[in-house]
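A.B. asks: how does the following fold in three dimensions:
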Amino acid sequence: MPKSFDKAGPEVMKFVEEATAKWHPDLAANDVRIAVLMVEPAKTEDGEPTGHVITVNRQPAAACIRILPIKTRIISGKDVLIEIDSDKWHSLTSNQSLALIDHELTHLEVEKDDEGQVIMTEDLRPKLKSIPDEIAITGFMSVIKRHGIDALEAQNIREVVDQCQLVFDFVEA
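C.D. replies: Numbers count the residues shown, from 1 in each chain. Take a look at the predicted model:
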């Protein structure tokens, strides 16, 4: 079965509305229009996924968000598109689903000029900026195994763990 796409239903859109209202007031105040697609991975005859349905920077992801180009915005009436791995989505708790949507929306920023006024695009929509993840760990386990803490991968992991110790009580020193 090939990969397929479905417009997200009201249960998914409720999470988008909740996350936008709670944590993304600039998106709400500027009526940023969000489309959500559920992506069903291609599957074998046994029903097993043939690969990762969504990738970001060639890494597997549960979801991704992108700012739509002007022509697509004009045709669709939407400013951004969130794509969600439907298999992954159905394995999440409600809190995890809300956190996933919050994560994707955190990638967006409404651009403002020096006076704090929203910058508008040619189609009179708020100009949006894509924000990269603050935390990204990439590398190779084989390099860590060979070089230990001297490997940049290990140093990056240590830095994230140190930061997480300040936030999460479950991370031990």
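A.B. asks: so what's the gap between the worst-scoring helix or strand of the chain on mean pLDDT and the chain middle?
C.D. replies: The weakest-scoring helix or strand in the chain, judged by mean pLDDT, DSSP states H and E, is helix 152-165 (a mean of 84). Computed by CA atoms, centre = their mean, to the nearest Å, the separation of helix 152-165 from the middle of its chain amounts to 22 Å.
A.B. asks: just stretch 32-43 next, same as before
C.D. replies: Relative to its parent chain, stretch 32-43 has a centroid offset of 12 Å by CA atoms, centre = their mean.
A.B. asks: and the contacts of that stretch?
C.D. replies: Residues outside stretch 32-43 that contact it (CB atoms under 8 Å, 6 or more residues apart in numbering) are 1-8, 12-13, 16, 20, 27, 49-54, 68, 76-87, 89, 105, 108, 110, 125-126, 128. Yep, even glycine has a C-beta here, placed from its N, CA and C like the rest.
A.B. asks: repeat that for stretch 125-142.
C.D. replies: Residues outside stretch 125-142 that contact it (CB under 8 Å, 6+ apart): 30-33, 59, 65-67, 73, 79-80, 106-111, 118-121, 151-153, 156-157, 160.
A.B. asks: out of those, which are buried?
C.D. replies: 30, 32, 65, 67, 73, 79-80, 107-108, 110, 151, 153 (16 or more other CB atoms under 10 Å).
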